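# Turn this into a structure:
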Amino acid sequence: MSLNTLSKFDPTSMFSGAIAHRLTAALVVMGISATLFTTAVQTYLEYQAELDLVHERFENIRATHGQSLAASIWSFSQKQIEIELSGLLNTQGIDYAGIETPEGDHWSVGIKADANIIVEYIPLIYDAQGKEIQLGLLTVTADKQAIHDRIFVHALESLLAFGLWTSFLAGALFLIFRELVTRHLVTLADYTRSISFDAHAPPVVLDRVKFGEGTMDELDQVANAINTMQVKLVESVEELKKSERRFRAIFDQSFQFIGLMSPDGILLEANRSSLEYAGVNSESVLGKPFWETQWWAHSEELRHKLKQAVEEASQGQLVRFETTHISTDGTLSYVDFSLKPMWNEDGEIELLIPEGRDITERKIAETKLQEALVDAERANHAKSEFLATMSHEFRTPLNAILGFSEMLRGQYFGPLGAEKYGSYAEDIHASGEHMLALVNDMLDIAAIEAGKRLMSNEDLDVGEIIQDCMRNFETAAKAGHLSLSCEIADNCPPLFADKRSVTQIVLNIVSNAVKFTGPGGCVWASLAVQTDEIIIKVQDTGIGIAPDKVSTVTDPFAQTHSDPHIAQQGTGLGLSIVKSLVEVFKGTLVIESQPDVGTTVIVRFPLNHASQQSNLKIPPSV
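Numbers count the residues shown, from 1 in each chain. Below you'll find the predicted structure:
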């Protein structure tokens, strides 16, 4: 029922003072009931009193007239008998008196009724010289109907008196209650119906006489409560409007598509962004099942998917999936869509919140990125194929250069002449070896990246491999005045991997440690087992790596030092090969270093990699 309907409906206009009328009617009913009950009790008591009075008179007759009548019969004084019977008839309430003797004599006065009477039989006994002789029987009757008539008249008078008193009291109470209560209730009702939700109204004031300064009764309390309610109601409405404006500001200004749905999928609200995207107004979509709206009209499959999502969300699940929509210009857009349930205070799902985010640009960027990755992978593969092929082509002339320079350096066919030719031959041979090492490293990287490196996996004793690698550097360590040490954990399980690759990993790491550690330094290697991993660690007290260079040391041809003497000692591919080989075996490579303190290289191989590696087949290099 609307507020306007309530303002038109005024029950007091049809029956003014309804409460007073009902109160008066209740008082009348209670008065009549009390009067009837009181009169009934009083009538009953009066009736019993009348009966007791009759019986009392009978006893008096028995006591006062019994012996005298017996003496009159003994003396056969008929005149005396008639006088005494006439005297009995004058007794109040006695309607008949009669005597019968055994000899058949009969005397009576009055009229003996046949019904509705009270009868008393009194034996007439005469004492003749100590002997009691019953001379006759005295019969006395009283009219019960007369008693009834008297009591009825008295009860009727009582009812009339009570009725008049009750009517007067009810009328007075009606007038008093209507004046003091109901007319003020009508005022309060009229004021309450006139309360506006938009503005403060003057407080209600009751036109009534106060019986004391500052006193308040129930009506005053109701009036104050209504005034307080009116103020709080207007304030609450104002706060509600502010909250509604804030909600609309957030709801409609959001660039995302947001709505509100009932748990059965009926769309209740949709923000401006979603409406403008589909080119619809709220009247055309609100109140409809969400899957029947314009957003989902282009795909029956998506409508079915949305129905399933609504069922899952109405059971408390968060549903999220990517979908497509067609905008007003006909373009297809990608949307990240979700349905979130919202619970009320009783733990019941009250609303579903559909939310969509346009991810078309991201999808396009992902597609372009994927295409770029494919192109880069293709180019990298081509590069690796080129390097793998050309590295073999480089080896043929390099082998010739090394062979002829060795012959010149060794003067196999006689003296060269000038001494400088010998030094030139040494330089040519050293440069050729460096070039061959570079080509071999490039060939390794290319073969690994192209997947053409031959892997022969077997169970390896990694501790033995580390010890063999460390022995290879004993001569160089002595020449550089370094100390080498090795610590191998007991009962280390075998590693299922390619022995050549693991050996190359250890050699390259130890080689770097020896190369960049000065005289008096230390290089030590260790092997440990931790849960399901084998850990190889190589530490040195060398020159270290600058913090901004650590992340680039595994890049091909990376040089971490500006000193040309140090930089020319290697190809710059050692750690790149190590990183590539470690990744082939699903391991991890960690490098920790501090300048002038030293470097620690940690390689972790998973022990459970054996089952995976057993199926790894990499074709041999060509």
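# from here on, contacts and neighbour counts on C-alpha atoms
Fine.
# longest helix anywhere in this protein?
Longest helix in the chain by number of residues (criterion: DSSP state H): helix 18-74.
# Check which helices and strands that one is in contact with.
Secondary structure elements in contact with helix 18-74, counted by 3 or more Cα pairs under 8 Å, 6 or more residues apart in numbering; DSSP states H and E, are helix 78-89, strand 117-128, strand 131-143, helix 144-177.
# need these in JSON lines with mean pLDDT, can you?
Conversion of the helices and strands packed on helix 18-74 to JSON lines gives the following (pLDDT from 0 to 100):
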{"stretch": "helix 78-89", "mean pLDDT": "83"}
{"stretch": "strand 117-128", "mean pLDDT": "86"}
{"stretch": "strand 131-143", "mean pLDDT": "86"}
{"stretch": "helix 144-177", "mean pLDDT": "83"}
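# how far out from the middle of the chain is the longest helix of the chain?
Relative to the centre of its chain, helix 18-74 is centred 76 Å away, using Cα atoms, centre = their mean, to the nearest Å.
# Now do it and helix 144-177, the angle between them.
160 degrees (axes from the mean of the first three to the mean of the last three Cα atoms, to 10 degrees).
# Check the gap between the closest residue in space to residue 100 that isn't next to it in sequence and residue 135 for me.
The spatially closest residue to residue 100, leaving aside those adjacent along the chain, is residue 106, at 4.6 Å (Cα to Cα, 6 or more residues apart in numbering). Separation of residue 106 from residue 135 (Cα to Cα, to the nearest Å) stands at 12 Å.
# related to what we said a few turns ago, you'd agree the residue nearest to residue 100 is up against residue 97?
No. Using Cα atoms under 8 Å, residue 106 is not in contact with residue 97, being 10.9 Å away.
# Look at those two and report which has more neighbours.
Shown here are residue 106 and residue 97; by other Cα atoms under 10 Å, residue 97 has more neighbours (25 against 12).
# Now do the phi/psi pair for residue 459.
Phi and psi for residue 459, reported as degrees, to the nearest 10, are phi -70, psi 120.
# Likewise for residue 509?
In terms of degrees, to the nearest 10, the main-chain angles of residue 509 are phi -70, psi -50.
# swap in residue 334?
The main-chain torsion angles of residue 334 are listed as degrees, to the nearest 10 and equal phi -100, psi 140.
# Surely it is in contact with residue 324?
Yes. Applying Cα under 8 Å as the test, residue 334 and residue 324 come out as touching, 4.6 Å apart.
# Kindly reformat the helices and strands packed on helix 18-74 as a markdown table and extend each row with mean neighbour count and distance to residue 422.
Compiled in a markdown table, these are given as follows (neighbours: other Cα atoms under 10 Å; distance: least, Cα to Cα, whole Å):
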| stretch | mean neighbour count | distance to residue 422 |
| --- | --- | --- |
| helix 78-89 | 16 | 188 |
| strand 117-128 | 17 | 176 |
| strand 131-143 | 19 | 178 |
| helix 144-177 | 15 | 139 |
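# The ones you listed: which one's closest to residue 602?
Comparing those by their distance to residue 602 (Cα to Cα), the top pick is helix 144-177, with 99.2 Å.
# how about stretch 160-177 as PDB, C-alpha atoms only?
The C-alpha coordinates for stretch 160-177 follow below in PDB (Å, rounded to 0.1, in the frame of the first residue of the first chain):
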ATOM      1  CA  LEU A 160     -33.200  -2.000  36.000                       C
ATOM      2  CA  ALA A 161     -31.200  -0.100  38.700                       C
ATOM      3  CA  PHE A 162     -27.900  -1.800  37.600                       C
ATOM      4  CA  GLY A 163     -28.700  -1.100  33.900                       C
ATOM      5  CA  LEU A 164     -29.300   2.600  34.500                       C
ATOM      6  CA  TRP A 165     -26.100   2.900  36.500                       C
ATOM      7  CA  THR A 166     -24.100   1.000  33.900                       C
ATOM      8  CA  SER A 167     -25.500   3.100  31.000                       C
ATOM      9  CA  PHE A 168     -24.700   6.300  32.900                       C
ATOM     10  CA  LEU A 169     -21.200   5.100  33.700                       C
ATOM     11  CA  ALA A 170     -20.500   3.900  30.100                       C
ATOM     12  CA  GLY A 171     -21.700   7.200  28.600                       C
ATOM     13  CA  ALA A 172     -19.600   9.200  31.100                       C
ATOM     14  CA  LEU A 173     -16.600   7.100  30.400                       C
ATOM     15  CA  PHE A 174     -17.100   7.400  26.600                       C
ATOM     16  CA  LEU A 175     -17.100  11.100  26.800                       C
ATOM     17  CA  ILE A 176     -14.200  11.300  29.200                       C
ATOM     18  CA  PHE A 177     -12.000   8.900  27.200                       C
END
